[in-house]
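K.L.:
give me a model of this one.
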Amino acid sequence: MSKANLVSLRIITADIKRLVQFFENATGTTAKWATDDFAEIITGSFTLAIGSTRTLAFFGDRVAAPASNKSVIIEFLVQNVDDNYEMIKGLTSDIVQQPTTMPWGNRSLLFRDPDGNLINFFTPVTEEAKKKFA
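P.N.:
Okay, here's the model as predicted:
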């Protein structure tokens with residue numbers, strides 16, 4: 001059996017233009033649109049795919065529901081989470097946690113995107129955490 005490599009996470013949304021614009025602004029990355037119903041935010045290490053509810057027709061009924069995630073945190077490594085905090089406050093009022101240093105050595109900012117998905121911007125601040133992402 002071959003090893004599986006995670007390369008993408010896809011969010012299904014009822015308002016793709018709004019969600020793509022949010023992530024473009026939050027990440028400073030321009031989305032690549034494949035169709036009016038599918039776009040990707042491509043970073044150096046990962047792709048965040050965003051699909052409209054119309055893309056669900058390819059997978060079958062009730063396979064996914066937009067704006068219903070309560071168990072996944074989408075995490076982005078950023079240069080300085082405190083610098084990003086001011087920018088994020090301009091994009092959403094749904095700040096879950098202001099920048100806080102976590103016991104495992106990352107300084108984290110938790111907020112929700114327009115669909116309610118939990119997003120974590122983090123910066124390693126301890127030597128051990130920095131080594132992990134070097």
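K.L.:
what about the most centrally placed residue in the chain, distance to Leu48?
P.N.:
In the chain, the residue lying closest to the centroid (Cα atoms, centre = their mean) is Ile74, at 4.3 Å. With the distance defined as Cβ to Cβ, to the nearest Å, Ile74 ends up 7 Å from Leu48. C-beta coordinates here come from the backbone N, C-alpha and C atoms, glycine included.
K.L.:
overlap in contacts, the two.
P.N.:
Leu9, Ile11 (Cβ atoms under 8 Å, 6 or more residues apart in numbering).
K.L.:
in a strand, the residue nearest to the centre of the chain, correct?
P.N.:
Yes. Secondary structure assignment places Ile74 in a strand (DSSP: H, G, I helix; E, B strand; the rest coil).
K.L.:
and it, what does it touch?
P.N.:
Contacts of Ile74 by Cβ under 8 Å, 6+ apart are Leu9, Ile11, Leu48, Asn117, Leu118, Ile119, Asn120.
K.L.:
at 10 Å instead, please
P.N.:
Under the criterion of Cβ atoms under 10 Å, 6 or more residues apart in numbering, the contact partners of Ile74 comprise Leu9, Ile11, Phe23, Phe46, Leu48, Asp113, Asn117, Leu118, Ile119, Asn120, Phe121.
K.L.:
which strand residues bridge it?
P.N.:
With DSSP bridges as the criterion, the beta-bridge partners of Ile74 are Ile119.
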